[in-house]
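A.B. asks: Starting from these lines, generate the structure:
(chains A, B, C and D)
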Protein chains: 4
Amino acid sequence: MSDAVTRAIKDLVIANRILAHEGIVDAFGDISVRHPSDRTRFFLARAISPGVVMIDDIIEFGLDGAAHRNAAGPLSAERFIHAAVYEARPDVKALLHASPEDILPFGITKTPLRPMIGSVGDMGLHVPVWDIADKFGDRTDLTVSTLEQGRDLARCLGPNRVALIRGEGFIVTGRSLNDVVRLSAYIPRNGRTIVATTPFGPMLGISAGEVAARLAIDPESNAMRRGWEYWARQAGCDELLAD
Amino acid sequence: MSDAVTRAIKDLVIANRILAHEGIVDAFGDISVRHPSDRTRFFLARAISPGVVMIDDIIEFGLDGAAHRNAAGPLSAERFIHAAVYEARPDVKALLHASPEDILPFGITKTPLRPMIGSVGDMGLHVPVWDIADKFGDRTDLTVSTLEQGRDLARCLGPNRVALIRGEGFIVTGRSLNDVVRLSAYIPRNGRTIVATTPFGPMLGISAGEVAARLAIDPESNAMRRGWEYWARQAGCDELLAD
Amino acid sequence: MSDAVTRAIKDLVIANRILAHEGIVDAFGDISVRHPSDRTRFFLARAISPGVVMIDDIIEFGLDGAAHRNAAGPLSAERFIHAAVYEARPDVKALLHASPEDILPFGITKTPLRPMIGSVGDMGLHVPVWDIADKFGDRTDLTVSTLEQGRDLARCLGPNRVALIRGEGFIVTGRSLNDVVRLSAYIPRNGRTIVATTPFGPMLGISAGEVAARLAIDPESNAMRRGWEYWARQAGCDELLAD
Amino acid sequence: MSDAVTRAIKDLVIANRILAHEGIVDAFGDISVRHPSDRTRFFLARAISPGVVMIDDIIEFGLDGAAHRNAAGPLSAERFIHAAVYEARPDVKALLHASPEDILPFGITKTPLRPMIGSVGDMGLHVPVWDIADKFGDRTDLTVSTLEQGRDLARCLGPNRVALIRGEGFIVTGRSLNDVVRLSAYIPRNGRTIVATTPFGPMLGISAGEVAARLAIDPESNAMRRGWEYWARQAGCDELLAD
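C.D. replies: As a prediction, this is how the structure comes out:
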């Protein structure tokens, strides 16, 4: 295994632990990272809770959702979301699918999830909502469990960074694991801010120019990485941080 | 004691600890499991806080609420809820009675508790509200403390999985302890989602077909059990998980 | 020191620790207990945070707010609240003064704090609001710091169990420390329930008969004490619980 | 290094840790203290998360934002906020810049952040809102990153203690680190109280006379310092508290 692959897998474990420790995922939720040198592969844990993921739980998948290595234990149905997004979006290097509760309102009403605070400026101005019932009928169990469903969700995501899933959660894409974790940590806060502010009347969001300025920041700059290191230590990942 | 009984009792202790750790119960709240081989008996802890329940605190009860074994310490008045529901509903294998605060609004207003998110799809479309005052007058202390009251609550529950109790809490039935714990963990989240979404206007809930699809999932499948194992470890129950 | 006094002081330390651990108090807040055999005296910690109170921090006071024993360290200005309530209300054996945030709305609007859930039924139907400005003008710092102010608050409390203090918090009286701690733990929950339910429209509270039934429960019965023992263990007070 | 400087640096580390432990800052946020004997200098940590700041991370800055000593590691862009406020306001001895979420609504609507509870009476009656777009256009990334921007924010702050920053957070000034930490700990609570009370209708805030009375309290009196010592212990800073 190359050093880059080893690092990617360690970082994926850290990302799982951070997301659990920060309450972005609980028993459910899944984050993946694209293979650093083979763009047709990605890494994702087997179907266990993110808070207990270890290096040996990481499985390598192809863009059809098939497992290629280290495939012990049940696979996440949600691998089809990851496969389809990596297929459709070469720019995406990491992806979270989760259900933090403070974004749920925006998937079941007409109120859009738009950026009100600078820390989610790079979420973009538009967050589409995908409803599985639109194409797959109102008798599914709401879980994406086929590549076809994953591809439909990827189509809805389009060129955006984030898409909401009606009654279920959201997906967040990024240029790196750190990029996804940082943005995902602040989107629920942005959601709570909209809920809290609503009774006060009209509210002033981040402008298109500000969104562009946030997106122009290097996601691996010191300012954008300090959360990663702090949260990793809080989640007990000191050892995994080391090379 | 048969292996199945030993396992059921250990799992009941785990369920108590998970519910306390996840904040579904606090000093109060009570969960039971039907005897694995004798449908006229069930297990329930004596009247102590769920977070400190141990194996020796579990008592065996009959469907009249009488204690049959290991009856040291005061009994929960709430045993009559459990007895009456097991009597009325042969399909019910486990039962929680608790007061998580985020479901309380739905017991004191006309706003129904309906499923907005997939994870509570198997709650069913209809959650009845039981008001002890309707039959027993407005001078009770709101605690179910007779078999007659328990039976009236069971009648209100009818064929549903969940019933709200005005000014007090709810009961959640299931096909197993895991089934009850998992659903109970997400119902408060569903309640908070309704509260948060209300100022946004109309909201789109889970459809009847989706509810049916969720109910069709095997509650002991890997996807439905991963919460149990994760939460049990979080609550310090590693030893109790082992056979 | 008599055994009863030793026990009262230990229980007062436990009460301080529970209230801090459960978030009813933070750096501020003060709880007292009347002397078990001398009704003209009460015990209250010196002016330190409740979460770090130890046996040696407990001071004995008279009903004029003067310290009588173990008076090292600065005294709480709030001792005048305690003194005045014990003076006016011989039935009161313990008293909390604190600022849990979820009761603050009810001190600054016309919306009354009324019991919606059984666990606070013994709060009573009426909770008066005391505004220091009514008698002492609008140039105080909102802290009760004289016996005269304490007596005015006690007059407002009247025969009730709880009084709100505008812009500051509340006082909760009880028949024992356990009685005060248990009720205080659930009043914020009742406050949050009213806030959460308000957008849903009219809500159904606990009736006068139900309030009477809750008040008729022995506050030292097993059902009413299980919270005390559980919370004390959670707060690390095992040793203080022992005789 | 003088004893006063050593003490100031230790206290700055404590302040960082308290703010992280109490959730006023997370991975981001920055607090500084003016040099005790040289009013043209201040201390601020390098650009790392407040919860992991140690003595060696503290850097000395001039009022132009230039680092003077111990300048290892990347500097916070936000040093320009600190520099500009110390320049404009000789009375300010300590300053926090942070983004606690419960104050965010007040930076994006017309609803003012005004004191409703005594503990924030010394916040003052008026909290201005600074919008970076007013002077620097709507294409910034919302981060203050030049001295000119810092000075514009300081102008908006004027003689007040607190200023909100649209879509970003707030700054809180004080007469000491303890003064800033205490006030900052309670402002989010005041924000939550306004949000919670809004559906109830008109609410009664702290009067001008009460604000004046709160401001007249010595910020280093025992009553105003007990939070500092308690929170420091909670945050594991016992050793740093000692001389």
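A.B. asks: Show me the beta-bridge partners of residue A:45.
C.D. replies: residue A:58 (DSSP bridges).
A.B. asks: got a pLDDT number for it?
C.D. replies: With respect to pLDDT, residue A:45 scores 97.
A.B. asks: which residues touch residue A:69?
C.D. replies: A:59-60 (CB atoms under 8 Å, 6 or more residues apart in numbering or on different chains). No exception for glycine: its C-beta is placed from N, CA and C like everyone else's.
A.B. asks: Sorry, slip of the keys, the one I care about is residue A:199.
C.D. replies: B:199, D:195, D:198-199.
A.B. asks: repeat that with 7 Å
C.D. replies: B:199, D:198-199 (CB atoms under 7 Å, 6 or more residues apart in numbering or on different chains).
A.B. asks: Just send the residues you listed back as JSON lines, with distance to residue D:106, pLDDT and secondary structure too.
C.D. replies: Conversion of the contacts of residue A:199 to JSON lines gives the following (distance: CB to CB, whole Å; pLDDT from 0 to 100; DSSP: H, G, I helix; E, B strand; the rest coil):
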{"residue": "B:199", "distance to residue D:106": "18", "pLDDT": "94", "secondary structure": "helix"}
{"residue": "D:198", "distance to residue D:106": "12", "pLDDT": "96", "secondary structure": "helix"}
{"residue": "D:199", "distance to residue D:106": "17", "pLDDT": "94", "secondary structure": "helix"}
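A.B. asks: Within range of chain B, give me the residues from chain A.
C.D. replies: Contact residues (CB under 7 Å from any CB of the partner chain) of chain A with chain B: A:27, A:47-49, A:51-52, A:74, A:101, A:104-105, A:108-111, A:133, A:138-143, A:166-168, A:195, A:198-199.
A.B. asks: For chain A, which residue gets nearest to chain C?
C.D. replies: Nearest residue of chain A to chain C: residue A:199, at 9.0 Å (CB to the nearest CB).
A.B. asks: measure that residue to residue B:200 for me?
C.D. replies: 11 Å (CB to CB, to the nearest Å).
A.B. asks: Could you state which residue of chain A sits nearest its centroid?
C.D. replies: The residue lying closest to the centre of chain A (CA atoms, centre = their mean) is residue A:96, at 1.9 Å.
A.B. asks: Point out where chain A drops to low pLDDT.
C.D. replies: A:71 (pLDDT under 70).
A.B. asks: Please, where are all the strands along it?
C.D. replies: Using DSSP state E, the strands of chain A run over A:30-34, A:41-45, A:58-62, A:67-69, A:94-98, A:129-130, A:162-165, A:169-174.
A.B. asks: Partner strands of the fifth one, with direction?
C.D. replies: Right, the one you point to is strand A:94-98. When DSSP bridges is applied, strand A:94-98 pairs with strand A:30-34 (antiparallel), strand A:169-174 (antiparallel).
A.B. asks: hey, C-alpha coordinates of the last one in CSV?
C.D. replies: What follows is the C-alpha trace of strand A:169-174 in CSV, where atoms were taken according to Å, rounded to 0.1, in the frame of the first residue of the first chain:
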residue,chain,number,x,y,z
GLY,A,169,-30.5,14.0,5.6
PHE,A,170,-27.9,15.5,3.2
ILE,A,171,-24.8,14.8,1.3
VAL,A,172,-21.8,17.1,1.4
THR,A,173,-19.0,17.0,-1.1
GLY,A,174,-15.5,18.4,-0.8
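A.B. asks: Those residues of chain A touching chain D, which are they?
C.D. replies: So chain A meets chain D at A:116-118, A:121, A:189, A:192-193, A:196-197, A:199-204, A:206-207, A:209-210, A:212-214, A:217, A:222-223, A:226-227, A:230-231, A:233 (CB under 7 Å from any CB).
A.B. asks: And those, which of them are buried?
C.D. replies: A:116-118, A:121, A:189, A:192-193, A:196-197, A:199-200, A:203-204, A:206-207, A:210, A:212-214, A:223, A:226-227, A:230-231 (16 or more other CB atoms under 10 Å in any protein chain shown).
A.B. asks: In helices only, show me these.
C.D. replies: Using DSSP state H, A:189, A:192-193, A:196-197, A:210, A:212-214, A:223, A:226-227, A:230-231 are the members of these that sit in helices.
A.B. asks: For the residues you listed, give me a markdown table that also has distance to residue B:150.
C.D. replies: Output for those, formatted as a markdown table (distance: CB to CB, whole Å):
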| residue | distance to residue B:150 |
| --- | --- |
| A:189 | 44 |
| A:192 | 40 |
| A:193 | 45 |
| A:196 | 41 |
| A:197 | 45 |
| A:210 | 59 |
| A:212 | 62 |
| A:213 | 62 |
| A:214 | 58 |
| A:223 | 60 |
| A:226 | 56 |
| A:227 | 51 |
| A:230 | 51 |
| A:231 | 47 |
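A.B. asks: re the thing from before, just send the strands paired with strand A:94-98 back as TSV, with mean neighbour count and distance to residue D:16 too.
C.D. replies: As requested, the strands paired with strand A:94-98 are exported to TSV (neighbours: other CB atoms under 10 Å in any protein chain shown; distance: least, CB to CB, whole Å):
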stretch	mean neighbour count	distance to residue D:16
strand A:30-34	26	30
strand A:169-174	26	28
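A.B. asks: Show me which residues of stretch A:159-170 are buried.
C.D. replies: Quick answer for stretch A:159-170 (16+ other CB under 10 Å): A:160-170.
A.B. asks: Max pairwise distance over those residues: which two?
C.D. replies: A:161 and A:167 (21.2 Å; CB to CB).
A.B. asks: Now render the buried residues of stretch A:159-170 as CSV, adding distance to residue D:19.
C.D. replies: Listed next are the buried residues of stretch A:159-170 as CSV, based on distance: CB to CB, whole Å:
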residue, distance to residue D:19
A:160, 34
A:161, 30
A:162, 29
A:163, 35
A:164, 33
A:165, 35
A:166, 38
A:167, 37
A:168, 35
A:169, 31
A:170, 30
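A.B. asks: Among those, which one sits closest to residue B:90?
C.D. replies: Out of these, the member with the shortest distance to residue B:90 (by CB to CB) is residue A:167, at 31.6 Å.
A.B. asks: That closest one touches residue B:115, doesn't it?
C.D. replies: No: if you go by CB atoms under 7 Å, residue A:167 and residue B:115 don't touch, sitting 8.3 Å apart.
A.B. asks: intersection of neighbour lists for those two?
C.D. replies: What both residue A:167 and residue B:115 touch, as defined by CB under 7 Å, 6+ apart, is the set residue B:206.
A.B. asks: returning to that earlier point: turn the strands paired with strand A:94-98 into a markdown table, columns for distance to residue C:23.
C.D. replies: Formatted as a markdown table, the strands paired with strand A:94-98 follow (distance: least, CB to CB, whole Å):
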| stretch | distance to residue C:23 |
| --- | --- |
| strand A:30-34 | 32 |
| strand A:169-174 | 29 |
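A.B. asks: Looking at the ones you listed, which is nearest to residue D:80?
C.D. replies: strand A:169-174 (28.9 Å).
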